[in-house]
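Participant: I need the structure of the sequence given here:
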Amino acid sequence: MTAFSSEPIIRLENVDIYQNGNKLVLNDVSFEINKGEFVFLIGRTGSGKSSLLKTLYADLWLESGKGYVVGHALQNIKSSEIPQLRRKLGIVFQDFQLFFDRSVEENLEFVLKATGWTDKASIKNRISEVLMQVGLGTSQKKMPHQLSGGEQQRVVIARAMLNEPQIILADEPTGNLDPEVGEQIMQLFHTINTAGTAVLMATHNYDFLKKYPARVLKCEAGEVTELK
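Facilitator: Numbers count the residues shown, from 1 in each chain. Coordinates of the predicted model:
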């Protein structure tokens, strides 16, 4: 399927989402996210936010319904196609998932090489670009343990930006950070979004919803509803 510019980046139609393959957590989910949109995903712990995000990047199989993400049909996706899907997405985890035995630069280089980049100069340039974007232009050689939690999360966001994704899926990206640092990270996502990348962000932080008004999807009682 060719992704035309008018196509939504994400479209779910009557999707059921399961945890561990058998526990239904969200029922009959339908929504679209278009290019350049910013969407919050809220709901209590255990309400299905993470399972929804994992379904979107094919970490959980789509058991029923139809899902289209960056031009890939999730209901038909083969294991061999999942890397292609993830190349078009940026994924930001709450717990960073950095390699602590490698420098910042080596963490980012690993991702580029894993997604098919081979030219050394291009790799170096792209790493410099994304680190500048997240305000870490001088941190290439640092090891993760030399960075604060907020700086580590900036590296994770830089990593998510490497392949110029159409959308970033962020799962509680400020959950482990103190409020002031969380605010800086939120501002960074806002800047990235303003530059044209769509963002779907799961969060517990209701202050963000007031401060950065955007669409809000809520997971509650097994359903996803849009808050008006």
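Participant: Quick check: residue 151 touching residue 139?
Facilitator: Yes. Between residue 151 and residue 139 there is a contact at 6.9 Å, judged by CB atoms under 8 Å. The C-beta positions use only the backbone N, C-alpha and C, and glycine is treated the same way.
Participant: now the helices for this structure?
Facilitator: 49-56, 82-87, 104-114, 120-133, 149-161, 179-194, 206-211 (DSSP state H).
Participant: quick one, what contacts residue 75?
Facilitator: 62, 65-67 (CB atoms under 8 Å, 6 or more residues apart in numbering).
Participant: Out of the residues you listed, the closest to residue 167 would be?
Facilitator: residue 67 (13.6 Å; CB to CB).
Participant: For residue 64, see how far away residue 76 is.
Facilitator: Residue 76 sits 13 Å away from residue 64, going by CB to CB, to the nearest Å.
Participant: Pick out the residue closest to the middle of the chain.
Facilitator: Taking CA atoms, centre = their mean, the centroid of the chain lies closest to residue 169, which sits 1.9 Å from it.
Participant: Which pLDDT value belongs to that one?
Facilitator: For residue 169, the model assigns a pLDDT of 97.
Participant: low-scoring stretches of the chain, by residue?
Facilitator: Applying pLDDT under 70 to the chain flags the ranges 1-5, 21.
Participant: try 80
Facilitator: For the chain, applying pLDDT under 80 flags the ranges 1-6, 20-21, 94.
Participant: Next, give me the two most distant ones among the contacts of residue 75.
Facilitator: 62 and 66 (8.0 Å).
Participant: who touches both of these two?
Facilitator: With CB under 8 Å, 6+ apart as the test, residue 62 and residue 66 both reach 15, 74-75.
Participant: how close does the residue nearest to the centre of the chain sit to residue 14?
Facilitator: Distance of residue 169 to residue 14, given as CB to CB: 21 Å.
Participant: can you check residue 101 too?
Facilitator: Noted for residue 101: a distance of 45 Å to residue 14, by CB to CB.
Participant: Also residue 172?
Facilitator: Distance of residue 172 to residue 14, given as CB to CB: 27 Å.
Participant: Point out the one among the helices of the chain that comes closest to residue 200.
Facilitator: helix 49-56 (7.4 Å).
Participant: okay, now the closest residue in space to residue 43 that isn't next to it in sequence: neighbour count?
Facilitator: Distance criterion CB to CB, 6 or more residues apart in numbering; nearest residue to residue 43, sequence neighbours excluded, is residue 219 at 3.3 Å. For residue 219, the number of neighbouring residues by other CB atoms under 10 Å comes to 24.
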